[in-house]
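Novice: Here is the input, now give the coordinates:
(2 chains)
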Amino acid sequence: MSTKILDNLKYTQDHEWALVEGDTVTMGVTDFAQSSLGDIVFIELPAEGTAVTKGGACGVIESIKSVSDICSPVTGKVIAANRDVEGKPESTNTDPYGSWLIKIKVSNMSEINDLMNASQYQAHCDSAH
Amino acid sequence: MGLLKTHLYDEHVKLGGKIVPFAGWEMPVQYTGVKDEVLAVRQHVGMFDVGHMGEFFVEGPDAIKFVDYMMCNDFIGAGPNKAVYSPLCRENGTVVDDHICYKVNENFVLICVNASNMQKDWEWFNKHVSKFNCKLTNKSDDFSLIALQGPKTEEILKKSGLLPEGDFPYYSVREHKWNGEKLIVTRTGYTGEDGVELFCSHTMVKKMWAKFIELGVTPCGLASRDVLRLEVCFPLYGHELNDEITPLDAALKWTVKLNKPDFMGKAALATYQPRFQLVKLLVNGAVPRDGYTVVNADGEPIGKVSSGTHSVMLNKGIAEALIDITKMPKDKKFAINIRNKNYEAIYQTKAFVTGGHK
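Specialist: As a prediction, this is how the structure comes out:
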């Protein structure tokens, strides 16, 4: 089973993707994550202005059988949350990279270097099988 | 000890089933997805490998009498070739397991038990069988089991030559032959839909699984099975039932036949004051899960969710919860605490979904 990985994104060990644009990170969960979770039925995202820390829980994603934390790829402040996806969580299954979850204003840009690139993330997924 | 594999394990892997450990077995939790599998069973037909479950034979002149004595439900009173669901109680009324017993004939009862409790059940039955004129055999290693479930069950059975002739109503059992080999077909299941369970040899099960796949039956895993049973409010041992409580705590009064002359646990159950009431709760905008705290309108804890999930048919959260009977709210107002927030939980008097069984 091949997993879809986009070259222009950065990735976390916990299977979140991050799109870095200036000092803003847009994040969501990867194709690997949605496939492992199965049918996603509930997503809860933080309020705008919430402080998030790298690797810390910043939301909840539930499939029919499981409850998982959404972890922030970086430390910073939430500047937007995708309420459309909260209302239609199944879109995360059908389009994980189109279904962004939150936008974060990054407080420490050096943390970006800790994220994996596409080929590193591919290796990470391969080792998880 | 390593995990056990059913004789269909290779088929599950071949079909892309996601394998998880369950009750000491490696079982498929899902194939394509829980939603697809639930819908297949509710609208068409799906099949489950439940070969991990235990099968005991009781044979001899006292077979029915013995099983009737061990269960709190009425087995003697059930007609020939009927199946009966019942909790299996101790002297003090607490529940060892729940099971379905099948009157295959006047001298032969098939008991089907939960995989997780098989050893405990076996010891319990063995402890009491000596006073009866019948022989108890653990046949779990000899049997494979497929549950074929859904409104198109009969059509699939006809096409594959597995439909017993004549009347074959819900909760009945037939001995049957397929390609010259014997099997037991029962009109039972764990989904609320029409369906059968096929108790057969390990060689037959592979042929049967292949035949059903060829006929377009959807393979289904344990995750969809759990959603299906909770939607129709069938209990699951370890959740609604356990070693500490009685059937009277778990909305199973209908299975406790105190007018029977005698049965295991009768004296205790006759005077038992229930500690819990099992309630059905519907939640919008969140998913209740096992172990979550149930609170009343004032936010005071009154019980725990015994089973909770997302209903595929309702697209809402559904739960069963054991409520401390002294704290049952008269106004029937409930909420479930989910991550430190109380979500309104609407009290239901009927099962969340009405299955289409015959």
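Novice: burial count for the closest residue to B:M313 other than its chain neighbours?
Specialist: Closest residue in space to B:M313, ignoring its immediate chain neighbours: B:V353 at 4.9 Å, by Cβ to Cβ, 6 or more residues apart in numbering or on different chains. For every residue, glycine as well, the C-beta is placed using N, CA and C. When counting by other Cβ atoms under 10 Å in any protein chain shown, one arrives at 22 neighbours for B:V353.
Novice: Any stretches of chain A with poor pLDDT?
Specialist: Within chain A, the stretches with pLDDT under 70 are A:1, A:129.
Novice: Can you tell me the element B:H12 falls in?
Specialist: Take DSSP states H and E as the rule and B:H12 turns out to sit in helix B:9-14.
Novice: Please name the strands paired to the helix or strand just after that helix in the sheet, noting orientation.
Specialist: Reading on from helix B:9-14 to the C-terminus, the next helix or strand found by DSSP H and E is strand B:18-22. Strand B:18-22 pairs in its sheet with strand B:25-30 (antiparallel), by DSSP bridges.
Novice: would you put the C-alpha positions of the helix or strand just after the strand it pairs with in CSV?
Specialist: Per DSSP H and E, the first helix or strand lying C-terminal to strand B:25-30 is helix B:34-43. Extracted as CSV, the C-alpha positions of helix B:34-43 are listed here (Å, rounded to 0.1, in the frame of the first residue of the first chain):
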residue,chain,number,x,y,z
VAL,B,34,-15.7,0.4,9.1
LYS,B,35,-18.3,2.5,7.4
ASP,B,36,-18.4,0.5,4.2
GLU,B,37,-18.6,-2.7,6.2
VAL,B,38,-21.5,-1.6,8.5
LEU,B,39,-23.4,-0.4,5.4
ALA,B,40,-22.8,-3.7,3.6
VAL,B,41,-24.4,-5.6,6.5
ARG,B,42,-27.3,-3.3,7.0
GLN,B,43,-28.1,-3.0,3.2
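Novice: ok, and the closest non-adjacent residue to B:L39?
Specialist: B:V312 (6.6 Å).
Novice: likewise A:F42?
Specialist: Nearest to A:F42 is A:E62, by Cβ to Cβ, 6+ apart, at 4.0 Å.
Novice: Ramachandran coordinates for that neighbour?
Specialist: Main-chain dihedrals, A:E62, degrees, to the nearest 10: phi -120, psi 130.
Novice: thought it was touching A:I70?
Specialist: No: contact between A:E62 and A:I70 fails when scored by Cβ atoms under 8 Å: they sit 10.5 Å apart.
Novice: Can you work out which residues contact both of the two?
Specialist: Common neighbours of A:E62 and A:I70, counting by Cβ atoms under 8 Å, 6 or more residues apart in numbering or on different chains, are A:I43.
Novice: returning to what we had before: which residues sit in contact with the residue nearest to B:M313?
Specialist: Contacts of B:V353 by Cβ under 8 Å, 6+ apart are B:R42, B:G192, B:E231, B:V232, B:S311, B:M313, B:L314.
Novice: One more pass at 10 Å, please.
Specialist: B:V353 makes contacts with B:38, B:42, B:191-193, B:227-228, B:230-233, B:311-314, B:318, as judged by Cβ atoms under 10 Å, 6 or more residues apart in numbering or on different chains.
Novice: quick one: contacts for the residue lying closest to B:T255 once chain neighbours are set aside?
Specialist: By the measure of Cβ to Cβ, 6+ apart, the closest residue to B:T255 outside its immediate chain neighbours is B:N73, 4.4 Å from it. Shown in contact with B:N73 (Cβ under 10 Å, 6+ apart): B:84-88, B:98, B:101, B:247, B:252, B:254-257, B:260, B:263.
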